[in-house]
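**Student:** Predicted model and sequence below, questions to follow.
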Number of protein chains: 2
Amino acid sequence: MWYKSAGNDNDVVISTRLRLARNFKGLNFPGKMSDEEADSVIEKVKNAVVNSGTAISDSFKYIDLRKASNIQKLFFLEEHLISSEMIEGKGPRGVLTGYDDKISIMINEEDHIRMQCILGGYDLYGAYDIINKIDNIIEEQIDYAFSEKYGYLTKCPTNVGTGMRASVMLHLPGLSITGNISNIVAAVNKLGITVRGLYGEGSQAKAYIYQVSNQVTLGISEEDTLSKLKDVVDMLIEKEREVCKTLYENNLLAFKDKIARAYGVLSNAYVMSSEEFMNLIPYARMGVNMHIIDNIDSIMLNTLLVELQPAHVAMQADVDSDLRRDEKRAEILRERLKGRV
Amino acid sequence: MWYKSAGNDNDVVISTRLRLARNFKGLNFPGKMSDEEADSVIEKVKNAVVNSGTAISDSFKYIDLRKASNIQKLFFLEEHLISSEMIEGKGPRGVLTGYDDKISIMINEEDHIRMQCILGGYDLYGAYDIINKIDNIIEEQIDYAFSEKYGYLTKCPTNVGTGMRASVMLHLPGLSITGNISNIVAAVNKLGITVRGLYGEGSQAKAYIYQVSNQVTLGISEEDTLSKLKDVVDMLIEKEREVCKTLYENNLLAFKDKIARAYGVLSNAYVMSSEEFMNLIPYARMGVNMHIIDNIDSIMLNTLLVELQPAHVAMQADVDSDLRRDEKRAEILRERLKGRV
């Protein structure tokens, strides 16, 4: 699990994700295949990974999404192991997870293969190295749909080329509170970089968390994509730190108060909705960054961010009603956030 | 200090106060005396108490209110050692405090002598016994204005007779939340019993705290006054407990949550206004009563109720601005409310 290590620049960066889209040569895209073809895609990818004889191959396990319950599928979604498309999808499809769930290989999603690596903190090149190795392992067994002119071919034209989506999840309370974020998003968009809310396309930024990723995959190399994204993320980290420093210096007491109250509620409540949790957690993170909260760290914050999502809580508690889930969420918080600010 | 012992029925009753109004025979009431006469009243009362040779006499000290600063006077008011009339008043006036500040004898307030005893918890007869002893001690030296027909004579006709005001301070969140309190107040008023908010006449009930006292002093004995008040207070205690039990049973999770959140904010905040404190403290008291909060007790609650009032905080911190005072209030709370729910 990516969230078990905080990684670099974890005051601002939550995680780094690298995703490659690949397709089989000479085969229809998912949705236009027969079930037999889809099954054979699954078998071939599984065999390519599991029988690769590499150090990593033993760590993989396959999850058949046709057999998974709704709550399990939501759980995998919350872990970022699958996309929401895979929940809705029909036909044979599944996911291979490995390397302590830091790697997931979705089979028969939009493309035949969507492989991704998520790491805690800021580590674009680390994630790229890992996913590149997986890509090579699979390519040893499977012929990819590839055009000399365009690069890797994908179902959606927006992925043709590198088939790569690199994204960095950032916590930007300073830029959000001051309103600077909208200008930055507009400027960054012109550079071919997308800034989105926590749960991908179209969603609002929850808890001041933004996902920053490359827009363009065609006519650009992987190296240039990473370097361009890195420049933008470096800039965002620096600006966020600057703004926070000024904000804190000018309103220290108000921030300490807001942070401590948020922590007081998080660590004491008996009922906690997902929405309220998402409203309060940024203050806990600011508190950790400002060394006002010293009994938890970034790893705990990221863990809570994942594990207090609805399906995670429901899986733990075997609860069905919203109230019981909100009660369980509060119970977990009280256990985890022992002590006071 | 009354608030250093919790006393009887302290889940509902905060304190019991017994006050007697007395005047010198053949002397104008305060406000119509010369300064020389006022000074002589002070000397005579001081001598009567301090030189009484009783076990209690050594404990008394005299505070000259003409020499007290505004903040000191507010401090005494918040301790219930003086009335607000004594702050505004002019001319020689002061207060004798003794018996660990559970007794205060105001000199040249509305009447020449206003002696009172405050005890923690529910103890009407205990308070009456003590104040009766003080009354006897003073009466040995001073001739009171007394009419065979009416009883003790006082400046305001509403005190003529026994000159006694017995009052019990009650915490009634259950009756308040359910709205039952208004019917009860109306019914109780017809019995000659007054129900007021925390700071006496005309003030709204703060923090669900009510002062219940006898209205009538004329044509009724002290014993009958106490017994009538006791009946009403007994009834209120019983009803409050009943209502709370039902409230808690029907909404346990909601109450636990509200209580725990209030405690989380009280014990963590860095800025706490007097108003917010008064809004939150009833939940802490419910938490103590419900055994949800077990690291503080009624004594701590009563102590906070007194010591977090504006002048008390200002005296401790030597602060002048509202913000600094609210900061100091939060600091005291964080120290006192260690640990979590």
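**Tutor:** Perfect, I can see it now. Numbering: from 1, shown residues only, chains lettered A, B, ... in the order given.
**Student:** strands paired with the longest strand seen in chain A, and their directions?
**Tutor:** In chain A, taking DSSP state E as the definition, the longest strand is strand A:13-22. Counting by DSSP bridges, the strands paired with strand A:13-22 are strand A:113-120 (antiparallel), strand A:164-171 (antiparallel).
**Student:** how about CSV for these, with mean neighbour count added?
**Tutor:** All C-beta atoms are positioned from the backbone trio N, CA, C, and that covers glycine. Shown next, in CSV, are those (neighbours: other C-beta atoms under 10 Å in any protein chain shown):
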stretch, mean neighbour count
strand A:113-120, 24
strand A:164-171, 25
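**Student:** so can I have TSV of those strands showing mean pLDDT and distance to B:Val195?
**Tutor:** Shown next, in TSV, are these (pLDDT from 0 to 100; distance: least, C-beta to C-beta, whole Å):
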stretch	mean pLDDT	distance to B:Val195
strand A:113-120	97	60
strand A:164-171	96	52
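**Student:** A:Ile42 touches A:Met106, doesn't it?
**Tutor:** No - counting by C-beta atoms under 8 Å, A:Met106 is not a contact partner of A:Ile42; they are 10.7 Å apart.
**Student:** Any stretches of chain A with poor pLDDT?
**Tutor:** A:198-205, A:339-341 (pLDDT under 70).
**Student:** Run through the residues of it sitting next to chain B.
**Tutor:** A:253-254, A:256-257, A:260-261, A:263-271, A:323, A:327, A:330, A:334, A:338-341 (C-beta under 8 Å from any C-beta of the partner chain).
**Student:** one more time with 10 Å
**Tutor:** Proximity of chain A to chain B, by C-beta under 10 Å from any C-beta of the partner chain, involves residues A:252-272, A:292, A:323-324, A:326-327, A:330, A:334, A:337-341.
**Student:** Can you point out the buried residues in the longest strand of chain A?
**Tutor:** When burial is assessed from 16 or more other C-beta atoms under 10 Å in any protein chain shown, strand A:13-22 yields the following buried residues: A:Val13, A:Ile14, A:Ser15, A:Thr16, A:Arg17, A:Leu18, A:Arg19, A:Leu20, A:Ala21, A:Arg22.
**Student:** helix or strand right after it?
**Tutor:** For strand A:13-22, the following helix or strand on the C-terminal side (DSSP states H and E) is helix A:35-50.
**Student:** what comes into contact with that next one?
**Tutor:** A:22-24, A:27-28, A:30-31, A:33-34, A:56-62, A:64, A:90-94, A:96, A:98, A:103, A:105-108, A:112-113, A:115, A:134, A:137-142 (C-beta atoms under 10 Å, 6 or more residues apart in numbering or on different chains).
**Student:** do the same with stretch A:23-33
**Tutor:** In contact with stretch A:23-33 (C-beta under 10 Å, 6+ apart) are residues A:34, A:37-41, A:44-45, A:85, A:89-93, A:107-114, A:142-146, A:152-156, A:159, A:163.
**Student:** How about stretch A:239-258?
**Tutor:** A:9, A:11-13, A:170-178, A:180-181, A:184, A:208, A:259, A:280, A:283, A:286-287, A:289-290, A:292, A:341, B:265, B:268-272, B:323-324, B:326-327, B:330.
**Student:** Mind doing that once more with 8 Å?
**Tutor:** The contact list for stretch A:239-258 (C-beta atoms under 8 Å, 6 or more residues apart in numbering or on different chains) reads A:11-12, A:170-175, A:177-178, A:180, A:184, A:283, A:286, A:289-290, A:292, B:269-271, B:323, B:327, B:330.
**Student:** just stretch A:310-328 next, same as before
**Tutor:** A:71-72, A:74-75, A:77-78, A:270-274, A:306-307, A:329, A:332, B:253.
**Student:** Let's see which of these end up in strands.
**Tutor:** Those of those lying in strands (DSSP E): none at all.
**Student:** chain center to stretch A:303-310, what's the gap?
**Tutor:** 13 Å (C-alpha atoms, centre = their mean, to the nearest Å).
**Student:** oh sorry, the question was meant for stretch A:169-178
**Tutor:** Centre to centre, stretch against its chain (C-alpha atoms, centre = their mean), the figure for stretch A:169-178 is 17 Å.
**Student:** So for it, first residue to last residue, what's the gap.
**Tutor:** 19 Å (C-alpha to C-alpha, to the nearest Å).
**Student:** do stretch A:94-114 as well
**Tutor:** End to end - C-alpha to C-alpha - stretch A:94-114 spans 11 Å.
**Student:** How many residues are close by A:Glu43?
**Tutor:** When neighbours are counted by other C-beta atoms under 10 Å in any protein chain shown, A:Glu43 registers 12.
**Student:** same thing with A:Asp64?
**Tutor:** Other residues close to A:Asp64 by other C-beta under 10 Å number 12.
**Student:** Please spell out which residues along stretch A:206-215 are buried.
**Tutor:** So, applying 16+ other C-beta under 10 Å, buried residues of stretch A:206-215: A:Lys206, A:Ala207, A:Tyr208, A:Ile209, A:Tyr210, A:Gln211, A:Val212, A:Ser213, A:Asn214.
**Student:** From the residues you listed, which land in strands?
**Tutor:** A:Ile209, A:Tyr210, A:Gln211, A:Val212, A:Ser213, A:Asn214.
**Student:** Now for the last one: which residues touch it?
**Tutor:** For A:Asn214, the contact set (C-beta under 8 Å, 6+ apart) comprises A:Met164, A:Arg165, A:Ala166, A:Ser167, A:Gly192, A:Ile193, A:Thr194, A:Thr225, A:Lys228, A:Leu229.
**Student:** Report the beta-bridge partner residues of it.
**Tutor:** A:Ile193.
**Student:** So for A:Ile134, what's the nearest residue that isn't a sequence neighbour?
**Tutor:** Spatial nearest neighbour of A:Ile134, excluding adjacent residues (C-beta to C-beta, 6 or more residues apart in numbering or on different chains): A:Met115 at 5.3 Å.
**Student:** Show me what the one you found is bridged to.
**Tutor:** A:Leu20, A:Ile105.
**Student:** Wait, it touches A:Lys102, no?
**Tutor:** No - applying C-beta under 8 Å, one finds A:Met115 not in contact with A:Lys102, separated by 11.7 Å.
**Student:** Nearest to chain B among the buried residues of stretch A:206-215?
**Tutor:** Comparing those against chain B with C-beta to the nearest C-beta places A:Ala207 closest, at 19.4 Å.
**Student:** Let's verify the closest residue to the closest one other than its chain neighbours: helix, strand, or coil?
**Tutor:** Nearest residue to A:Ala207, sequence neighbours excluded (C-beta to C-beta, 6+ apart): A:Met278, at 4.5 Å. Three-state call for A:Met278 (DSSP: H, G, I helix; E, B strand; the rest coil): helix.
**Student:** What is the neighbour count of A:Met278?
**Tutor:** Neighbours of A:Met278 (other C-beta under 10 Å): 17.
**Student:** how close does it get to chain B?
**Tutor:** 17 Å (C-beta to the nearest C-beta, to the nearest Å).
**Student:** measure that residue to A:Pro310 for me?
**Tutor:** 11 Å (C-beta to C-beta, to the nearest Å).
**Student:** can you point me to the longest helix in chain A?
**Tutor:** helix A:222-250 (DSSP state H).
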